[in-house]
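# This is the structure alone, sequence omitted:
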């Protein structure tokens, strides 16, 4: 089944994202339905978004993370296809049309994705590194795509093993590698993932959250990257592999923490949280860390 605008819903998970999400929504054709899951649980944000965009519904949620937030949005999707976007992604004029064109010639796919407009920063992991220097115009298969822009063929995925009850993304993962986990489970089921070179997007990168929360978000990034990396590798490749993969970064974080201990508080905190993410993962604890955002800050958005 090929994609059409009438059979496609965009899902965007936001968290303190009002500074960028409008450019994202405005780049999406108005005849495509959009579901925004707001992890900052901000009623004023929901009110403004739904009033401004007639094709957009906003679901309020506590900060459940990217994977769980996407699952929450996907539960409300009534179409066969869902386009997962980060709020700091901007579509080109022909992004959707080129994906639709590609879907007409592909016989089977679980995921299809546009390509980032910056060639030096590919938004996918190829099966063969040679493809990076010889990307043509035709869709090509890849191991995985970055989670900030990935279109899911829900009808195909629902028929795969270990995909049920809207658990497309592993909800144990709060942030990072939830897209890699989804893609691996799809390819393990012998389903295809494609990049469409004619379909291009712009990703602002690390801009989805208002910059006034930059330090707290940086702490969260470091904590969750190490936690998620250990969890992902343990889940798919075993405990020993995960340990050997993560230990060098952990020791580096400890050394840098000690180095910055007396004269750079912010960097000290960053490396401390990086080490803590690893330690909590190895102890089997949940991905519990959350950035500290004051409620009064939300009210002032």
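That came in fine, so what should we check first? Keep in mind it's a predicted model, so treat the numbers as computed, not measured.
# in the protein, which helix has the most residues?
Identified as the longest helix of the chain according to DSSP state H is helix 214-237.
# How about the helix or strand harbouring residue 181, which residues are buried there?
Secondary structure assignment for residue 181, by DSSP states H and E: helix 178-188. By neighbour count on 16 or more other C-beta atoms under 10 Å, the buried set for helix 178-188 is 178, 179, 180, 181, 182, 183, 184, 185, 186, 187. Yep, even glycine has a C-beta here, placed from its N, CA and C like the rest.
# from the residues you listed, which single one is nearest residue 217?
residue 178 (17.1 Å; C-beta to C-beta).
# In the stretch 101-250 of the chain, mark out all the helices, start to finish.
154-157, 178-188, 214-237, 239-260 (DSSP state H, counting those that start in this stretch).
# Count the residues that sit near residue 6.
Residue 6 has 9 neighbouring residues, counting by other C-beta atoms under 10 Å.
# Just say helix, strand or coil for residue 58.
strand (DSSP: H, G, I helix; E, B strand; the rest coil).
# Longest strand of this structure, counting residues only.
Criterion DSSP state E: the longest strand present in the chain is strand 193-203.
# can you give me the offset of that one from its chain's centre?
Relative to the centre of its chain, strand 193-203 is centred 15 Å away, using C-alpha atoms, centre = their mean, to the nearest Å.
# What of stretch 64-78?
Computed by C-alpha atoms, centre = their mean, the separation of stretch 64-78 from the middle of its chain amounts to 11 Å.
# how long is that stretch end to end?
Using C-alpha to C-alpha, to the nearest Å, the span of stretch 64-78 from its first residue to its last is 22 Å.
# Chain neighbours aside, what residue packs nearest to residue 140?
residue 195 (5.9 Å; C-beta to C-beta, 6 or more residues apart in numbering).
# Neighbours of the one you found, how many?
For residue 195, the number of neighbouring residues by other C-beta under 10 Å comes to 23.
# show me what contacts it?
Listed by C-beta atoms under 8 Å, 6 or more residues apart in numbering, the contact set of residue 195 reads 112, 113, 114, 115, 123, 124, 139, 140, 142, 145.
# one step back: between the helices of the stretch 101-250 of the chain, which one is closest to residue 64.
Nearest of the helices of the stretch 101-250 of the chain to residue 64, taken as C-beta to C-beta: helix 178-188 at 11.7 Å.
# for the closest one, packing partners?
Applying 3 or more C-beta pairs under 8 Å, 6 or more residues apart in numbering; DSSP states H and E, one finds that helix 178-188 contacts helix 66-74, strand 111-116, strand 140-145, strand 193-203, helix 214-237.
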